[in-house]
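A.B. asks: can you look at this prediction? I've put the sequence above it.
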Amino acid sequence: MARRKLVAGNWKMNGSRAALAELDAVAAAANAAPQVDVAMAVPFTLIAAAAERVPDLSIGAEDVHERDSGAHTGCVSAGMVKEAGARFTIVGHSERRADQGETSQDAWAKAAAAHRNGLHVILCCGETEAERNAGRAERVVQAQIEKSVPDNADGSWFTLAYEPRWAIGTGRTPTVEEIASIHAIARAKLRMLIGDAADGVRILYGGSVTGDNAATLLAVENVDGALVGGASLTAAKFVPIIEAAAGL
Ligand code: PGA
């Protein structure tokens, strides 16, 4: 089944109002590549300004709370980011798992909250280096998917991202064979959970994607796009990834 490629950026805890100027060229590149979907997750404080500045570009959040409102000081709900102009959110990113102790169950609840509030979801999974070295990468990813993917997930609102933790921000990537293997296993696991809807769910690869390796990584079977951290911070680095996706 043909799935449109999605190139999604994630600014993490970077950026400023001045940095939003980078989005002008990203939006232009997205408009020039109508066969590719392009999205950018930015810090909460920049969502509204980004959405106003580049209304054609899908702007998203990097996380949301699992509840819609309540006594949760410092947290931000899916409805709040939606009102600010977000169209999607990332959930279950490995940095939140590592820094905030989030679990796959948390990611499940956040995905459900995002969907309830009309946001598209990019849900992350991926093994640590120790888990890969122990030969457990497949089982870890399968278990994460089983615990975090909502029963009603389908491609109209749900995207999975495979991001091996040891590849994030390190300049190291798995081999294409390793990526193909995990993505095939992820697709099979999705099929067990949500049936034929699994065919419509995009599975992104994330971890040290750059303009130099994007064409190779995006051509791997079952890789339906990229989730990009460091190389999403400037248009000069991000646009070549969009162009690589458009050229496939
Ligand atoms: P990176 O980050 O591209 O900087 O490796 C990827 C991610 O965390 O989504």
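C.D. replies: Ah, there it is. These figures come from a predicted structure and were not determined experimentally.
A.B. asks: please make it C-alpha for all contacts and neighbour counts, starting now.
C.D. replies: Fine.
A.B. asks: residue 187: how many residues sit nearby?
C.D. replies: Number of residues near residue 187 (other C-alpha atoms under 10 Å) recorded here: 21.
A.B. asks: for residue 16, same thing?
C.D. replies: For residue 16, the count of nearby residues is 12 (other C-alpha under 10 Å).
A.B. asks: residues in contact with it?
C.D. replies: residue 46 (C-alpha atoms under 8 Å, 6 or more residues apart in numbering).
A.B. asks: quick check on it: phi, psi?
C.D. replies: Per-residue torsions, residue 16: phi -160, psi 170 (degrees, to the nearest 10).
A.B. asks: please renumber so the chain begins at 34
C.D. replies: Fine by me, first position is 34 from now on; the one you just mentioned is residue 49.
A.B. asks: state the distance from it to the ligand.
C.D. replies: Counting by C-alpha to the nearest ligand atom, to the nearest Å, the gap from residue 49 to the ligand is 18 Å.
A.B. asks: measure that residue to residue 245 for me?
C.D. replies: The gap separating residue 49 from residue 245 is 26 Å, by C-alpha to C-alpha, to the nearest Å.
A.B. asks: repeat that for residue 157.
C.D. replies: From residue 157 over to residue 245 the distance is 23 Å, taken as C-alpha to C-alpha.
A.B. asks: the two: which is more packed in?
C.D. replies: Taking residue 157 and residue 245 together and counting by other C-alpha under 10 Å, residue 157 has the greater number of neighbours (29 against 12).
A.B. asks: surely that one is within a strand?
C.D. replies: Yes: counting by DSSP: H, G, I helix; E, B strand; the rest coil, residue 157 is located in a strand.
A.B. asks: just checking, it touches residue 191?
C.D. replies: No: using C-alpha atoms under 8 Å as the test, residue 157 is too far from residue 191 to be in contact (11.1 Å).
A.B. asks: could you give the bridge partners of residue 110?
C.D. replies: Beta-bridge pairing of residue 110 under DSSP bridges involves residue 98.
A.B. asks: near it, how many other residues are there?
C.D. replies: When neighbours are counted by other C-alpha under 10 Å, residue 110 registers 20.
A.B. asks: quick one: contacts for it?
C.D. replies: Taking C-alpha under 8 Å, 6+ apart as the criterion, residue 110 is in contact with 97-102.
A.B. asks: now with 10 Å?
C.D. replies: Contacts for residue 110 (C-alpha atoms under 10 Å, 6 or more residues apart in numbering) come out as 96-103, 143, 146-147, 150.
A.B. asks: which members of these are classed as buried?
C.D. replies: Neighbour-count burial (16 or more other C-alpha atoms under 10 Å) applied to the contacts of residue 110 gives 96-101, 143, 146-147, 150.
A.B. asks: tell me what the longest helix seen in the chain is packed against?
C.D. replies: As far as residue count goes, and with DSSP state H defining each element, the longest helix of the chain is helix 209-227. In terms of contacts (3 or more C-alpha pairs under 10 Å, 6 or more residues apart in numbering; DSSP states H and E), helix 209-227 is packed against helix 170-181, strand 191-195, strand 235-239, helix 247-251.
A.B. asks: what lines up beside the second one in the sheet?
C.D. replies: When pairing is defined by DSSP bridges, strand 191-195 lines up against strand 153-158 (parallel), strand 235-239 (parallel).
A.B. asks: just to revisit the earlier point, ok, and for the longest helix of the chain, which residues are buried?
C.D. replies: The neighbour-count check on helix 209-227 (16+ other C-alpha under 10 Å) flags 212-220, 222-223, 226-227 as buried.
A.B. asks: give me the most central residue, the chain.
C.D. replies: Centroid check for the chain by C-alpha atoms, centre = their mean gives residue 155 as the closest residue, at 4.3 Å.
A.B. asks: can you pull the contacts of that one?
C.D. replies: By C-alpha under 10 Å, 6+ apart, the residues touching residue 155 are 41, 93, 95-96, 121-126, 144, 147, 190-194, 235-237, 260.
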